[in-house]
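Trainee: Dropping a prediction and its sequence here:
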2 protein chains.
Amino acid sequence: MRAVEFRNHRLSFVGDAPEPDPADGEVIVDVLKAGICETDLQIVKGYMGFQGILGHEFVGVARSGRLAGRRVTGEINCPCGQCSTCRAGRPRHCPERTVLGIQNRNGAFADRLALPESCLHAVPDSIPDAFAVFTEPVAAACRILEQRLVDSSDSVLILGAGRLGSLCAQVLQPECSRLRVVGRHPAKLRVLADCGIETIDLAAFTPRAVDDVVIDCTGSADGLKLAMQCVRPCGTLVLKTTVAAEQNVWMSRAVIDEIRIVGSRCGPFEPALQRIADGHLQLAPLISATYDIEQVAAAFQKSAERGVLKVQLNIGTTG
Amino acid sequence: MRAVEFRNHRLSFVGDAPEPDPADGEVIVDVLKAGICETDLQIVKGYMGFQGILGHEFVGVARSGRLAGRRVTGEINCPCGQCSTCRAGRPRHCPERTVLGIQNRNGAFADRLALPESCLHAVPDSIPDAFAVFTEPVAAACRILEQRLVDSSDSVLILGAGRLGSLCAQVLQPECSRLRVVGRHPAKLRVLADCGIETIDLAAFTPRAVDDVVIDCTGSADGLKLAMQCVRPCGTLVLKTTVAAEQNVWMSRAVIDEIRIVGSRCGPFEPALQRIADGHLQLAPLISATYDIEQVAAAFQKSAERGVLKVQLNIGTTG
């Protein structure tokens, strides 16, 4: 089958990748469309040390199981289900987990992938393929609500108007009293402004420690330092950025001002699918470009360009 | 009056310091005894940029007000009471606050100090002076409970068996299911072992990400890195260490494992006084040495020595 592999520090399209070999309880999915995420760009830079087929944002058609023949998307963490972490109700943190296209499991930039049936979610008919691909990052935005990090009376500041920052802003805006997004690229800020979200150009932004909740979606090692300057005493700093580099930060500010810093990663799929089906999220303006899977090199190059939001890969077609 | 001043990067005893000039609502306290804290040692290294009379752990006798003639200790944060932070119920974080011996307010290493009457707490008769001096650091330990960062089913790991680590361990032990303290100095660990607390020699300690709550009381810039290796996914890392230096840390671990990092500083005095009065805390073994205020240079030197816990200064006498 066709697939996009990252091996020996090289990203490449291959026409003859081995078919997935599903374990017990796993289902083969024919992939229709997939999205390129910041994590994919980081992996290509060496982050996570992953080798194999990339990709974890997708929509496809299940071949078997209770969702056979239906369009599905899938949770990317595949837990063992047995260990104390799984039994404690934190399967996304199972130390034995594999992660689709990120850790010990081939991903979605391929004609077919295998996932445990329990990871799959049916995509409502009203959601087009191009929007269904957003389920995973919208779920990551919903995770902030699942963690109860934002209160309805909170003033929220999001740093970064990129792929994830934009989705976090759209998901959180109805849930808090004030929301602002600081970004660098006029085109990305315009998308948010068109959603009725208050935006600030980074060049004109003076950090002040006033916001109840600050969310670092910069995708940059410098984001944490800026976020620490913006959160009020006893406020909450939500970390969404994963970077390979260490960050240098004056943590004593967190002690003196009793700041709460909380990491936030993958989230719940059902509330994400519901939000997408509701039609309240503006997803079309987030799609900067779509490439066929064979053009993956150009797609990755595009995805890393300034001002570019989501780049998607066309992989299969229904019927 | 006699006082210990830190000015122009120099710590010195002076015999003719000006008397405190109490503002409206402030009370003069005749200081009996005071304690040297890690923060005092950090200030002497240049941390906080404070200049003036040092010291914030004390017991004394109030000269006026509702506690006139009684032994008192005092909260160190003096809020404005007017600003939005004060009105929001976070007076310890008032941006206009002065802090006894730390920020824009002369401290307790002196014959007399001035504090707002609202900051003073009566010391029960059953508490000797030498134990009353521990109220402020015991309150800092109680702050972790006030912040609800520890659950009764939690396994807690404290890094650092020094002054604050030891008090945190003693305060938290009855409140969690398992508590261990990692330390470097046999004498400090012995104090905790004598309290029935499980101790681990740092040299024999292999960090594993298993504890529900990890508390950094190392007082060292390296503590955070070690703490990050010890907290389990979705666990809580409590920061008690304030150091002048920036810390270099791979924060992506906090994202991937959704760790909660919470700064914790000053705490409530009444629960602290109650715990000291209860007699459950072993405070006598924490007092390594006592000096007269004139010998402050030797006292600071002693306090910075390896293996030394609390060093106290005798300042006044009752009656």
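Mentor: All right, it came through fine. Numbering: from 1, shown residues only, chains lettered A, B, ... in the order given.
Trainee: What residues of stretch A:178-193 count as buried?
Mentor: For stretch A:178-193, a neighbour-count test (16 or more other Cβ atoms under 10 Å in any protein chain shown) marks A:179-185, A:188-189, A:191-192 as buried. Using the backbone N, CA and C atoms, a C-beta is placed for each residue, glycine as well.
Trainee: can you check stretch A:246-257 too?
Mentor: Neighbour-count burial for stretch A:246-257 flags A:247, A:249-257 (criterion: 16+ other Cβ under 10 Å).
Trainee: one step back: quick one: the buried residues of stretch A:178-193 as JSON lines, columns for pLDDT and secondary structure too.
Mentor: Shown next, in JSON lines, are the buried residues of stretch A:178-193 (pLDDT from 0 to 100; DSSP: H, G, I helix; E, B strand; the rest coil):
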{"residue": "A:179", "pLDDT": "98", "secondary structure": "strand"}
{"residue": "A:180", "pLDDT": "98", "secondary structure": "strand"}
{"residue": "A:181", "pLDDT": "98", "secondary structure": "strand"}
{"residue": "A:182", "pLDDT": "98", "secondary structure": "strand"}
{"residue": "A:183", "pLDDT": "97", "secondary structure": "strand"}
{"residue": "A:184", "pLDDT": "94", "secondary structure": "coil"}
{"residue": "A:185", "pLDDT": "93", "secondary structure": "coil"}
{"residue": "A:188", "pLDDT": "94", "secondary structure": "helix"}
{"residue": "A:189", "pLDDT": "96", "secondary structure": "helix"}
{"residue": "A:191", "pLDDT": "94", "secondary structure": "helix"}
{"residue": "A:192", "pLDDT": "96", "secondary structure": "helix"}
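Trainee: Same list, the buried residues of stretch A:246-257, but only the ones touching chain B.
Mentor: Restricting the buried residues of stretch A:246-257 to those touching chain B (Cβ under 8 Å from any Cβ of the partner chain) yields A:247, A:249-257.
Trainee: In strands, which of the buried residues of stretch A:246-257 appear?
Mentor: A:247, A:249 (DSSP state E).
Trainee: if we take the buried residues of stretch A:246-257, which one ends up nearest to residue A:81?
Mentor: Closest to residue A:81 out of these is residue A:247 (33.8 Å), distances taken as Cβ to Cβ.
Trainee: Does the closest one touch residue A:218 like I think?
Mentor: No: the criterion here is Cβ atoms under 8 Å, and residue A:247 misses it with residue A:218 at 11.2 Å.
Trainee: Give me the domain ranges for chain A.
Mentor: A:3-138+A:267-314, A:148-263 (automatic domain parsing).
Trainee: Of all the ones you listed, which one is nearest residue B:109?
Mentor: Among the domains of chain A, domain A:148-263 comes nearest to residue B:109, with 21.4 Å by Cβ to Cβ.
Trainee: Distance from the chain centre to the closest one, please.
Mentor: Its chain's average C-alpha position is 16 Å from that of domain A:148-263, according to Cα atoms, centre = their mean, to the nearest Å.
Trainee: now swap in stretch A:90-108 and tell me
Mentor: When distances are taken as Cα atoms, centre = their mean, stretch A:90-108 is centred 14 Å away from the chain's centroid.
Trainee: One more: stretch A:301-308?
Mentor: Centre-to-centre, stretch A:301-308 and its host chain are 16 Å apart (Cα atoms, centre = their mean).
Trainee: Name the residues of the stretch 201-319 of chain A found near chain B, please.
Mentor: So the stretch 201-319 of chain A meets chain B at A:224, A:233-234, A:239-265 (Cβ under 8 Å from any Cβ).
Trainee: center of chain A, which residue is that?
Mentor: residue A:137 (3.3 Å; Cα atoms, centre = their mean).
Trainee: Mind giving me the packing neighbours of the helix or strand hosting that residue?
Mentor: Per DSSP states H and E: residue A:137 is located in helix A:135-146. Using 3 or more Cβ pairs under 8 Å, 6 or more residues apart in numbering or on different chains; DSSP states H and E, the elements in contact with helix A:135-146 are strand A:57-62, helix A:163-172, helix A:269-278.
Trainee: Please repeat the previous calculation with a cut-off of 7 Å.
Mentor: Here helix A:135-146 touches helix A:163-172, helix A:269-278, going by 3 or more Cβ pairs under 7 Å, 6 or more residues apart in numbering or on different chains; DSSP states H and E.
Trainee: got the contact list for the first one?
Mentor: Yep, that's helix A:163-172 we're talking about. A:37-38, A:137-138, A:140-142, A:144, A:150, A:156, A:158, A:179, A:181, A:183, A:188, A:191-192, A:195, A:197, A:215, A:217, A:240, A:275, A:281-282, A:286, A:309-310 (Cβ atoms under 7 Å, 6 or more residues apart in numbering or on different chains).
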